[in-house]
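Asker: A predicted structure for the sequence below; I have some questions about it.
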Amino acid sequence: MRENDMLEKDEIFSKVLRAGRRTYFFDVRSTKADDYYITITESKKFTEEDGSFHFKKHKIYLYKEDFAAFKDILDEMTAYVLNNKGEEVISERHQKDFKKEYHSDGSPQTNTSSEKSFTDIDFDDI
């Protein structure tokens, strides 16, 4: 039997979460003893300067005896982050093409939207 056939036979249930350049794969797999465990794989796409790309993958194996403790800690950690930093995503600041906008006095703008506010009047529009 080919190796790919064995891998497909192992997978019982799968879900995929696409998140920008990252993709997360959640898979229920079967052990040789026909018990189940979960793998969580993060796959991140990297693009080279010449346009070619490659993926880096990281995998976590999670067994039934660790489910409750893993879930408790994950719940606690996500609650901590959301309670302390809210749900607003600020990672755009770290993108290569992010451009911080400034007021005329040199202070940073809090709204980085490219839309004009109602007080921005261009007399060519009248």
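Answerer: Cool, the structure landed.
Asker: since we're on I12, how many residues are nearby?
Answerer: 12 (other Cβ atoms under 10 Å). Bear in mind the C-beta positions are built from the backbone N, C-alpha and C, glycine included.
Asker: Let me know the distance separating it from F26.
Answerer: Distance of I12 to F26, given as Cβ to Cβ, to the nearest Å: 11 Å.
Asker: shared neighbours of those two, which are they?
Answerer: With Cβ atoms under 8 Å, 6 or more residues apart in numbering applied, the contact sets of I12 and F26 do not overlap.
Asker: Might one say that Y63 is in contact with Y37?
Answerer: Yes - the pair Y63 and Y37 passes the contact test of Cβ atoms under 8 Å, sitting 4.8 Å apart.
Asker: following the helix or strand harbouring K44, which helix or strand comes up?
Answerer: Assessed by DSSP states H and E, K44 sits inside strand 36-47. For strand 36-47, the succeeding helix or strand toward the C-terminus, using DSSP H and E, is strand 53-63.
Asker: who touches the next helix or strand after that next one?
Answerer: Once the chain leaves strand 53-63, the next helix or strand it forms, by DSSP H and E, is helix 67-85. For helix 67-85, the surrounding residues in contact (Cβ under 8 Å, 6+ apart) are 38, 62.
Asker: With stretch 23-37 instead?
Answerer: Counting by Cβ under 8 Å, 6+ apart, 9-17, 38-44, 61-64 sit against stretch 23-37.
Asker: That'll do, ta.
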